[in-house]
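# give me the fold of what follows.
(chains A, B and C)
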Amino acid sequence: MFYREAGDFKTSYVDDSQTFPISFDRYRYYFVLFVAFALLPFMVDDYWASQILGPFLVFSIAAIGLNILTGYCGQVSLGTGAFMAVGAYSCYKLMTGVDIWYPAVCDGSRILFFWCSGRAEYQIWFQLPEINILLSILLSGFITALVGVFFGLPSLRIKGFYLAVATLAAQFFLIWLFNSASWFYNFSATGQITAPDTFVAGVQVTGAETQPWALYMVCLVFAFGCAWMARNLTRGSIGRRWMAIRDMDIAAEIIGVNPLKAKLTAFAVSSFFIGIAGALFFAVVSGTAEAGDVFGIQTSFEILFMIIIGGLGSIFGSFAGAAFIVILPVALRVIGTEMFGWPSEIVEHFQFVIVGALIIMFLIVEPHGLARLWQLAKEKLRLWPFPY
Amino acid sequence: MKKRLATLAVAAVMAAGPVMADLVFPSLSYRTGPYAAGGIPFADGYADYFTLLNERDGGIGGVMTRVIECETAYNTEKGTECYERTKGEGALVYQPLSTGITYQLIPKTAADGIPLHTMGYGRTSAANGKVFSNVFNYPANYWDGASIAINYLLDQNGGDLSGKKIALVYHNSAYGKEPIRTLNELSNKHGYELLEIAVDHPGQEQKSQWLRIRRERPDYVLMWGWGVMNPVAIQEAANIGFPMENFIGVWWSGSENDVLPAGADADGYKALNMHNVGDDFPIFEDIQQYVVDTGKAAGAGDQIGTVLYNRGLYAAMLAAEAARTAQEIHGVGDITPAQMRDGMEALVMTEERMTELGMPNFGPEFSVSCENHGGSGQGKVQQWNASAGEWEILTDWITSDKEVIMPLVMEDSEAFAAENNIEMRCN
Amino acid sequence: MPDQLLFGMEVALNGLMAGVLYALVALGFVLIYKASGIFNYAQGVMALFAALTLVGIMEGQVPFAHLINAIFGTKIHHLGTPIPEMLDPDVTIAYFNTEGAGWISWLLGGIGNFFIWPINNFDIVLALIFTVFVMIALAWAVQRFIFRHLVNQEPIILFMATIGLAYLLEGVGELMWGAEVKTLNVGLPRGIAEGVESVTEGWFGYGFFLSRLDIVAAVIAAVLVTALTLFSQYSKQGRALRAVADDHQAALSVGISLNFIWILVWSIAGFVALVAGVVWGASSGVQFSLSLIALKALPVLMLGGFTSIPGAIVGGLIIGVGEKLFDFLMNPIIGGATENWFAYVLALIFLIFRPQGLFGEKIIERV
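Below is the predicted model:
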């Protein structure tokens, strides 16, 4: 009926190759952007911004990152949580001013210039100025990209599940590193990192006094930027190379795709997004973090769930999956405890059962995820009301 | 308080307005997840005390209490979600029972004006009320704990620990790292050698740590553990034949859950505690009569009298007493979080009051003031008797070494104040 | 001998024992992966579930008591007498006394006691049998309701399904039996093995520490591996199992029921999980964290290869010794708690040289 391509003529190649060639899709997209940018900031309150929309947007970015690696390039990674931690800790160091210290007195042994295993008194060598928060977040993305490329190197030899388990090496090693090397948390007694108050154009964006709309807007801008970038990357030649590697790497190599370049760029881009997500999550959404707790293997699995449920190789799927995994537990708890008044532990146990069952059900009913369902719905709509 | 930009109702979830005619005590519990074994008894005790007040006395000062239980699974994300969800219901005080969640909530509660009580955990330097207006950690904190353990050992050794070797087995997280600083300072003062041994979460496998202890032969082992790490450590200590009476856990490593899996091997293991143990107090008769027999006991009702149940009970009692104090100060029954904060700051626990409540000598006597949010910093040492299957209190209240701890508290809290531009109060 | 070397040997010996325990968990993964190409992440949770069920049966807990109480407002927890105890004939045979004897009689006595133990503890054996039935039922359900519908899906989808299964089982297990720490007392010995200590004391002048539980666990693992190998080599079902592992379709065409074999394999994996759960649960109590032992088994799998039973054993031993020795050597330099990641890094380094693991099948790719 109203959803159709008929009459939607294109007169130039630019028009023809745009992201949303069907006008209805395009208007819907503008409408969503309008709601997200112009309406929601006026509506969000603390709970929605910091518990639902903030985490949703941040995890969407992380899911896009993982989707590029897994969905587009076919390399399964279970180290997403640790790469988020890299983003978070680099952001912390950048926004508090990277310091190069030197253990003047070191009781243990000295491994690196900044790291003493025993009791130490540190002497400052030099310290960078504190960097603007938005720039810090971007830079942490680049740092994470470097780390990602390093841990992506084994992917040139190791494939499939072996690679998935190998990425766990990154997961455990990085978390241990952030937990043990006190330089990363500025030698605080407890190993917690806390984002200081920062301001962008006079508006507070980190710290406890941040207004909900500011928190939401920062996440939204980054999420939009990342999604836009990812969408266009995957449509271009680099995205095609990734997909060629995913579909069959030997064949791709034979037709002239350089697997080294393709895999490492996928790791770099993917880690860039994941790093941004980690930095945002730490600095803007939660405010404090501890490596082993929020960036543990559980988070890695959750992000993997997001892209599987959302749909591998789909940007829309990343958003849909993130929404599903972020909102479902909250919704179940609200329904269970507040509407039915069940004891909280039974609700929590049921939540495990339901999440588990839903994942299995999804995989059985629609292994290609929510994105595929969405696509099917669109196809149905195109024919409606006259299906042949 | 933070407000929406425009006051538009977003969803029905948030539309439920606060019911104001009661005193709301949220309980951020964890009855699931890796630390459930510790979370269940605490949450039961916390809930049962308020049920008792409602059933027996009709609430506090004539106003009914309401406990909102929210499951955190010891996960900071879920914990903050619980906080954000329940704070609008007029929550008076938060007790998250997790160091990670505490760190998340310190800035948030300060912004929202809701007090936070972290009883024997959380950020130690919050004891300095000049900097942390909303955070309380009476009656004792980790640094007190470390000092109490050392004071106890000093007492055992005739006041001299020089040349002794003390190992600290700790959970490699914010929580476990807390005492290191204090123990280092104390080792400078008393001349013992400190051996730091980290155990990563969850601590199922500790063979190499305990082989190291067997090699290095420390005179004493202190433990800062939580969850499965505790029973495994106790079992491993028994395996290497480490004398149990020289093995002392902090108060979070001293519950029945920690010693029972090791069976008879755990006999003689010691732990700190900040309150008394057992169910030999008049209040337990009331709990039996008003809570258990009426079928209103929280959870399975099988935890009554365990160490962590008593801790939950004690935490609830302190919260209720603070609420009562607040009611007296402000002359209203239905207090606000800000008034609750005033009540906590003016809290005085005396032996008479505890006896009145049916809990004689249950906790130490202490008073809270504007400067001091940390209470008296006293604790006891308890020992596990495996054949009787119960903890026995060995000592009277041991006071921590304030000379060493207070400068550390000041240093840390002042650094926090400088970082966050907090003005000193109480001048 | 220098002290450091002795300590190192002690650490390596303990690492070997720990490695056996890792191998025990890894074995369950290998079995399922070989037969059905499913990388079963739920193996750790299966160990938890099995151990919870065993404790529940031994103590006569009512399943789903929390749930029933919450819905009907009742207060039930335990049956009067656990069923296995009711059926226990109370026969006791004296154990061989091995204290203070030479190592030969120590060994023989140990073996004798190994066989006397089940007679004396008939109720535990019964509870174990009940638990095995529960695990078989679970295997059937998993096969019938999940993997039958996922035939011919990509491996990653199957893997995700097992993560879903892990969540599901965790929820069901805790709903069924509660989330408290439970003491699992099946009479496994504890403490230091004095025999080893006194013998090594005599040899080197320094008594090695070895836990009795570890020795028993190693024996159990050895018995289990031998039994599994014999089963797959000489029994009809075992051969069918290997045929399925080789080629599903060829196996199907010669009349092997895939369905049956898969249920069989999941049941065996369930049994292995039960053994792993009992051995680990005996030292730490049965609780949620038990499910995390799966993470200990993954590097073992990588190292040994996903498809090889000997690989799991050898991988386990290498990982066990490697991580303990690394911790021992590096502890003074970079601090402790390296075990969580070192195993993975070690496996990763191995893989760079041998991408299919030590004993894995060579990956041959054709365009």
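# hmm, C:V142 is touching C:W266, no?
Yes: under the criterion of CB atoms under 8 Å, C:V142 is in contact with C:W266, at a separation of 5.6 Å. C-beta here means a position set from N, CA and C on the backbone, and glycine is covered the same way.
# can you give me the strands in chain A?
Along chain A, counting by DSSP state E, strands occupy A:99-106, A:110-112, A:115-116, A:120-127, A:193-194, A:198-200, A:203-206, A:288-289.
# kindly report the same for chain B.
Under DSSP E, chain B gives strands at B:23-29, B:65-71, B:116-117, B:135-136, B:165-171, B:193-199, B:220-224, B:247-249, B:270-273, B:348-349, B:366-367, B:378-385, B:390-393, B:398-399.
# now for the longest one, which elements pack on it?
To tie it back to what came earlier, the one meant is strand B:378-385. helix B:142-156, strand B:270-273, strand B:390-393, strand B:398-399 (3 or more CB pairs under 8 Å, 6 or more residues apart in numbering or on different chains; DSSP states H and E).
# in JSON lines: the ones you listed, plus distance to chain C, mean neighbour count and mean pLDDT.
Putting the helices and strands packed on strand B:378-385 into JSON lines (distance: least, CB to the nearest CB, whole Å; neighbours: other CB atoms under 10 Å in any protein chain shown; pLDDT from 0 to 100) gives the following:
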{"stretch": "helix B:142-156", "distance to chain C": "19", "mean neighbour count": "24", "mean pLDDT": "93"}
{"stretch": "strand B:270-273", "distance to chain C": "16", "mean neighbour count": "26", "mean pLDDT": "94"}
{"stretch": "strand B:390-393", "distance to chain C": "16", "mean neighbour count": "17", "mean pLDDT": "92"}
{"stretch": "strand B:398-399", "distance to chain C": "28", "mean neighbour count": "18", "mean pLDDT": "92"}
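# adding distance to A:E345, write the ones you listed out as CSV.
Converted to CSV, the helices and strands packed on strand B:378-385 look like this (distance: least, CB to CB, whole Å):
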stretch, distance to A:E345
helix B:142-156, 28
strand B:270-273, 26
strand B:390-393, 26
strand B:398-399, 36
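# out of those, which is closest to chain A?
Nearest to chain A among these is helix B:142-156 (9.5 Å), distances taken as CB to the nearest CB.
# from the middle of its chain, how far away would that closest one be?
17 Å (CA atoms, centre = their mean, to the nearest Å).
# repeat for stretch A:333-342
30 Å.
# identify the residues contacting it?
For stretch A:333-342, contacts defined as CB atoms under 8 Å, 6 or more residues apart in numbering or on different chains pick out A:344, A:346-348, A:350-351, B:13, B:16, B:69-71, B:85, C:70.
# what of stretch B:45-64?
Residues from elsewhere that reach stretch B:45-64 (CB under 8 Å, 6+ apart): B:21-23, B:25, B:27, B:29, B:65-67, B:69, B:95, B:283, B:286-287, B:290-291, B:294, B:296-299, B:303-304, B:308-317, B:320, B:323-324, B:327, B:333-334.
# buried residues in that stretch, which are they?
Using 16 or more other CB atoms under 10 Å in any protein chain shown as the test for burial, stretch B:45-64 gives B:45-55, B:59-61, B:63-64.
# quick check: end-to-end length of it?
18 Å (CA to CA, to the nearest Å).
# for that stretch, what is the average pLDDT?
Computed over stretch B:45-64, the mean pLDDT rounds to 92.
# near chain C, which residues of the stretch 201-350 of chain B are found?
Taking CB under 8 Å from any CB of the partner chain as the test, the list of the stretch 201-350 of chain B residues beside chain C reads B:202-205, B:207-209, B:211-212, B:214-215, B:227-228, B:231-232, B:235, B:238-241, B:257, B:260-263, B:265, B:295, B:300-302.
# which of the residues you listed fall in helices?
B:207-209, B:211-212, B:214-215, B:231-232, B:235, B:238-239, B:257 (DSSP state H).
# so where's the stretch 1-150 of chain A uncertain?
Applying pLDDT under 70 to the stretch 1-150 of chain A flags the ranges A:1-3, A:102-123.
# can you give the domain ranges for chain B?
B:12-140+B:278-377+B:409-419, B:142-273 (automatic domain parsing).
# for residue 162, give me its contacts.
Answering for chain A, as no chain was given. Per CB under 8 Å, 6+ apart, neighbours of A:Y162: C:M302, C:F306, C:L351, C:P355, C:Q356, C:G357.
# wrong one, chain B
Neighbouring residues of B:S162 by CB under 8 Å, 6+ apart: B:H190, B:G191, B:Y192.
# for the stretch 151-300 of chain A, just list every one of the helices.
Using DSSP state H, counting those that start in this stretch, the helices of the stretch 151-300 of chain A run over A:160-180, A:212-235, A:237-247, A:249-254, A:259-280, A:291-294, A:297-310.
# out of the contacts of stretch B:45-64, which end up buried?
With burial judged by 16+ other CB under 10 Å, the buried subset of the contacts of stretch B:45-64 is B:22-23, B:25, B:27, B:29, B:65-67, B:69, B:95, B:283, B:286-287, B:290-291, B:297-299, B:303-304, B:308-317, B:320, B:323-324, B:327, B:333.
# so which of the contacts of B:S162 is the most crowded?
Of all those, B:Y192 has the most neighbours under the rule other CB atoms under 10 Å in any protein chain shown, reaching 24 neighbours.
# that one touches B:L161, doesn't it?
Yes: counting by CB under 8 Å, B:Y192 touches B:L161, with 4.3 Å between them.
# any shared contact partners between those two?
B:I150.
# spatially nearest residue to residue 327 (excluding sequence neighbours)?
No chain was given, so I picked chain A. A:I52 (6.6 Å; CB to CB, 6 or more residues apart in numbering or on different chains).
# right idea, wrong chain: chain B
Nearest non-adjacent residue to B:Q327, counting by CB to CB, 6+ apart: B:G61, 4.4 Å away.
# from B:E352, how far off is that neighbour?
19 Å (CB to CB, to the nearest Å).
# kindly report the same for A:A244.
Counting by CB to CB - A:A244 and B:E352 are separated by 81 Å.
# one more: B:N427?
B:N427 is 32 Å from B:E352, by CB to CB.
# so these two - more neighbours on which side?
B:E352 (10 against 7).
# now that one: how far from B:I329?
For B:E352, the distance to B:I329 - CB to CB - is 20 Å.
# please apply the same query to B:G374.
For B:G374 relative to B:I329 (CB to CB), the value is 21 Å.
# neighbour count for these two, which is higher?
Comparing B:G374 with B:I329 by other CB under 10 Å, the one with more neighbours is B:G374, at 28 against 14.
# just to check, the more buried one is in contact with B:A140?
Yes: using CB under 8 Å, B:G374 is in contact with B:A140, at 7.4 Å.
# joint contacts of those two?
Joint contacts of B:G374 and B:A140 (CB under 8 Å, 6+ apart) do not exist.
# circling back to that earlier point, which of the residues of the stretch 201-350 of chain B next to chain C are buried, as a ChimeraX select command?
Restricted to buried positions by 16+ other CB under 10 Å, the ChimeraX selection for those reads:
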select /B:202,203,204,205,207,208,209,211,212,214,215,227,228,231,232,235,238,239,240,257,260,261,262,265,300,301,302
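# output the set of residues of the stretch 201-350 of chain B in proximity to chain A.
Residues of the stretch 201-350 of chain B lying near chain A (CB under 8 Å from any CB): B:H201, B:G299.
# quick check: the residue of the stretch 201-350 of chain B nearest chain C.
B:P261 (3.5 Å).
# can I assume that residue is in contact with B:A233?
No: with contacts counted by CB under 8 Å, B:P261 stays clear of B:A233, the gap being 10.9 Å.
# and stretch B:230-237, what's its mean pLDDT?
Mean pLDDT, stretch B:230-237: 91.
# leaving out sequence neighbours, find the closest residue to residue 252.
I went with chain A, as the question did not name one. Closest residue in space to A:A252, ignoring its immediate chain neighbours: A:A244 at 3.8 Å, by CB to CB, 6+ apart.
# the intended chain is chain C.
Nearest in space to C:L252, with sequence neighbours left out and distances taken as CB to CB, 6+ apart, is C:L258 at 5.8 Å.
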